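[1] fold the following and give me the result.
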Amino acid sequence: MLVIILLGPLDIQTKIMKKIYPKTYSNFVELYAKQYQVDENLIYAIIKAESNFKVKAVSGKGAKGLMQLMEETAIDVAKDTEFEANTISEKLLDTDVNINLGTKYISILLEKYQNIPLALTAYNAGTGTVDNWIEKGTLSKNGENIENIPYKETNNYVRKILRDYKIYQTLYEKT
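    Now for the predicted structure:
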């Protein structure tokens, strides 16, 4: 876990923290967060964890772009949109398309699971995996026992995003 101790005036601390936790691509994040009714701070936290705001990021497993979408997932999410399935792969590194589909995907997961921890778990491990863990009793339907996430990578991922989400909320809290 990254721990930063900042000394000095509060405004300087805030400026430093905003450099570490930027709101890059705010035009797209704000647009799609509003369209899909997702807290924009959650989208920023996901982007930070997934790609650290690197547009051309591609994982070893083939996830692409800012929100690290798998092609199959993006094609499925793109149904009922203006995107044609045969063009999704080449467009996943496009900032607008990636944030659009990634935000739509997390909104679908939030609707399905009705809580952020389980939606994030599914974003990383897949809905089939999460449904299986809930069915077996490993995870509760309310997402209150995320410490039981069996995959270490997913467990750390969810905790990191929840931490960053709180930081974004605090740092950019509307006054």
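[2] Gln114 and Ile134: what is the separation?
    For Gln114, the distance to Ile134 equals 12 Å [CB to CB, to the nearest Å]. In short, each C-beta sits where N, CA and C put it, glycine included.
[3] any low-confidence regions in this protein?
    1-10, 174-175 (pLDDT under 70).
[4] can you pull out the helices in it?
    10-20, 26-36, 40-51, 71-77, 88-91, 95-113, 116-125, 127-136, 152-171 (DSSP state H).
[5] let's have the ones you listed in JSON lines, adding mean neighbour count and distance to Gly62.
    Output for those, formatted as JSON lines (neighbours: other CB atoms under 10 Å; distance: least, CB to CB, whole Å):
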{"stretch": "helix 10-20", "mean neighbour count": "12", "distance to Gly62": "28"}
{"stretch": "helix 26-36", "mean neighbour count": "16", "distance to Gly62": "22"}
{"stretch": "helix 40-51", "mean neighbour count": "24", "distance to Gly62": "13"}
{"stretch": "helix 71-77", "mean neighbour count": "18", "distance to Gly62": "7"}
{"stretch": "helix 88-91", "mean neighbour count": "16", "distance to Gly62": "10"}
{"stretch": "helix 95-113", "mean neighbour count": "21", "distance to Gly62": "14"}
{"stretch": "helix 116-125", "mean neighbour count": "24", "distance to Gly62": "15"}
{"stretch": "helix 127-136", "mean neighbour count": "15", "distance to Gly62": "18"}
{"stretch": "helix 152-171", "mean neighbour count": "17", "distance to Gly62": "16"}
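[6] quick revisit: give the residues shared as contacts by Gln114 and Ile134.
    Shared contacts of Gln114 and Ile134 (CB atoms under 8 Å, 6 or more residues apart in numbering): none.
[7] so who does Lys18 touch?
    171-172.
[8] gap between it and Val55?
    In terms of CB to CB, Lys18 sits 20 Å off from Val55.
[9] one more: Arg159?
    26 Å.
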